[in-house]
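S.K.: structure here, sequence nowhere to be found:
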């Protein structure tokens, strides 16, 4: 009896879409990492005398409308905790700038102590705002 | 001699680069860069901030004092009717950027009731004029703000 050769099944892996999948994954991780760094949204104050910050400082301190303090997206309970955390973080970076975001509606007695803590940590303050009046 | 059986010729796999997705990749790259540029909107101003705690009586003798209250703004005791605009012109007249550091100090006094949306443009104007802001904490407010470390 003649033996029939088994036909080995041909496996075709479609590779045409792999480039698309790779770029989608890159975009996904870059967007997620960008949002995770600074999830706090505040109503930015307006000023004509500001410019684009060329490089985002490594440390972001935020004070939202509910008077909640944030450090790099992590809620902070008190000024003392902020001071301690800032001192620890500033040791990690050669860039000693701190990006400060504060909601426009907050009173002087709320934001001034935070500014003071940042100043006393020895960091250079970068105060966030908007030059666009229409966003108010 | 028996004839050698001809081996069926192997089909050599041809390697082809799939070019069908190149246009998709190009559009993805464009979208990526557009989103990256539009999402990153960090704007502000940089300020060196030596904070100090001084009494009201000491600051009265100092030049370049800006006092903010919920109702108005004064510069060296003179009321500024147009707010930040007048402050800018006053600071520009001083030409702070060309002064030595000790002469660039601008004392900024503020009180409860001043909102950040009004405080911020004052600081921005001082920073743009080349001034170095010195925060003054009123003795009466020190207990509320926690005092110095």
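M.R.: Cool, got the structure. As the structure is a prediction and not an experimental result, all values here were calculated from the model.

S.K.: which regions of chain B lie under the pLDDT threshold?
M.R.: B:1-14, B:34, B:36-41, B:50-63, B:137-149 (pLDDT under 70).

S.K.: kindly recompute the last result at 90.
M.R.: B:1-64, B:70-72, B:76-78, B:82-83, B:94-109, B:111-112, B:130-149 (pLDDT under 90).

S.K.: what does chain A give?
M.R.: A:1-44, A:48-58, A:72-74, A:79, A:92-96, A:116, A:119-123, A:130-136.

S.K.: ok, now with 50
M.R.: Scanning chain A with the threshold set as pLDDT under 50 gives A:135-136.

S.K.: where do the helices sit along it?
M.R.: Applying DSSP state H to chain A gives helices spanning A:18-37, A:79-90, A:108-120.

S.K.: for these, give me TSV that also has mean neighbour count and distance to chain B.
M.R.: To be clear about C-beta, it is placed using only N, CA and C from the backbone, and glycine gets the same treatment. TSV is the format used below for the helices of chain A (neighbours: other CB atoms under 10 Å in any protein chain shown; distance: least, CB to the nearest CB, whole Å):
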stretch	mean neighbour count	distance to chain B
helix A:18-37	12	5
helix A:79-90	16	6
helix A:108-120	21	4
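
S.K.: and those helices: which comes nearest residue A:8?
M.R.: helix A:18-37 (24.4 Å; CB to CB).

S.K.: list the contacts of the residue lying closest to residue B:132 once chain neighbours are set aside.
M.R.: Spatial nearest neighbour of residue B:132, chain neighbours left out: residue B:104 (4.9 Å); criterion: CB to CB, 6 or more residues apart in numbering or on different chains. Taking CB atoms under 8 Å, 6 or more residues apart in numbering or on different chains as the criterion, residue B:104 is in contact with B:96, B:97, B:130, B:131, B:132.

S.K.: could you do residue A:19 as well?
M.R.: Residue A:19 touches B:21, B:24, B:25, counting by CB under 8 Å, 6+ apart.

S.K.: swap in residue B:87?
M.R.: So residue B:87 contacts B:66, B:73, B:75, B:80, B:122, B:125, B:126 (CB under 8 Å, 6+ apart).
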